[in-house]
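>>> coords please:
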Amino acid sequence: MLLLVFTFLSTAVEALRVIGGDMTVVLGGTTILPCKLITTDSITQISWRKEPQTDNFLTILPATGPLFLNGHDKRFQFIGNFKDINGSLQLSNITLTDEGTYTCIFTLFPGGDVHTVMHLNLLVPPVTSLKDNRPTLGTEEVSLATCMAAGSKPPAKVQWLTGTLGEKVRPTNNVTQHANGTTTTVSTLFGVPTREINHRLVKCVVTGAAMSKEESLPFTIQIYFSPIEVTINRSSEDSFECVTEANPKAAFTWSRSEQSMPQSTVRVEGATLQFLSMTSDLNGLYQCEASNLYGRKHSYIYVHVTSEIAAKLIDIGKPMGFCGEAWTPTPGVES
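As a prediction, the model looks like this:
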């Protein structure tokens, strides 16, 4: 007799069961909130509620179908049916405010209400960015670059791959929690801004549960400085080139002291000064100035033509000679 009673109760419990489940979806995506009932009772109504609200936001009746009680939200679509006792919803274009706990309620006759509770978890991929902090040449540690993973959920991980730079650079991380549940992670790379680390390649790598794959942001370290030294080199029999090291690259300007540049016998193209013919109107002091946003420096050559086929070039304080067929310049003096 006891055995028969136990078997009957077990069957009754199995016959009334609501099937649901928690869901995880990426911001802007589409998901299904599953809700299905196993029962032998008649279904009179299916309802949906979202905490912390105590009222239903959606009711489905056999005769009229879905009815939104607080304004129609087209993003919710009833994909179940009464025949299969399926109350599932599809939710599209998911936003941060959609995250939370949902309750699916079946109203039975004569059994009353049964329900299941499920949680919708939202993943938000970060918006990544990389900023050059434009450090200038110096001897004190400064910030070189900043890598950011903004507005992610859960928090993204940001790290630097610095290769052979080793201890010459170091990262620091800062995490900010926003009211909407997202997080911004900022990682700043510090180092002493020397010419040794200038133009070295590093990478900022961002990973997170909301990302389909890691994102690698390459960055070439830039140390900015004005022209360091300006020299004037011979580039051909009749041409001279102004050379310097600067970041960003320097712009070059050739000028002639207290005189205009002789257009018919001199050609200037960027850093190059070319003498088209050797005539006495070339005589004078020529200056090459190298400049960028951070400063300027210059150097000189002096030209003296003694005949149509012989000339002497000197810079301030240091002679450069031309005799017969050969130019023999020495480096110019920068100032």
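
>>> what residue lies at the spatial centre of the protein?
Ser129 (2.0 Å; C-alpha atoms, centre = their mean).

>>> show me what it is bridged to.
Met148 (DSSP bridges).

>>> next one: it from Ala145, what distance?
Distance of Ser129 to Ala145, computed by C-beta to C-beta, to the nearest Å: 11 Å. Every C-beta, even on glycine, is put in place using the N, C-alpha and C of the backbone.

>>> how about His298?
If you go by C-beta to C-beta, the gap between His298 and Ala145 works out to 32 Å.

>>> which parts of the helix or strand hosting Leu217 are buried?
Using DSSP states H and E, Leu217 falls within strand 215-220. Within strand 215-220, the residues that count as buried by 16 or more other C-beta atoms under 10 Å are 215, 217, 219.

>>> mind listing residues that contact it?
Strand 215-220 is contacted from outside by 128, 130, 132, 145, 147, 199-207, using C-beta atoms under 8 Å, 6 or more residues apart in numbering.

>>> and these, which is closest to Glu289?
Among the contacts of strand 215-220, His199 lies closest to Glu289 (C-beta to C-beta), at 24.5 Å.

>>> sec struct for the closest one, please.
coil (DSSP: H, G, I helix; E, B strand; the rest coil).

>>> correct me, but it touches Tyr224?
No - between His199 and Tyr224 there is no contact under C-beta atoms under 8 Å: 11.6 Å.

>>> look at these two and report which has more neighbours.
Each of His199 and Tyr224 has its neighbours counted (other C-beta atoms under 10 Å); Tyr224 has more, 17 against 11.

>>> circling back to that earlier point, among the contacts of strand 215-220, which pair sits farthest apart?
His199 and Thr207 (26.9 Å).

>>> follow-up on the earlier one: among the contacts of strand 215-220, which ones are buried?
Neighbour-count burial (16+ other C-beta under 10 Å) applied to those gives 128, 145, 147, 200, 202, 204, 206.

>>> wait, which of the residues you listed is closest to Ser187?
Nearest member of those to Ser187, counting by C-beta to C-beta, is Cys147, at 4.8 Å.

>>> which residues touch the closest one?
128-131, 158, 160, 186-189, 204, 206, 217, 219.

>>> what is the nearest of those residues to Asn233?
Nearest to Asn233 among these: Phe219, at 33.2 Å, using C-beta to C-beta.

>>> okay, and the beta partners of that closest one?
Bridge pairing for Phe219 - DSSP bridges - gives Val202.
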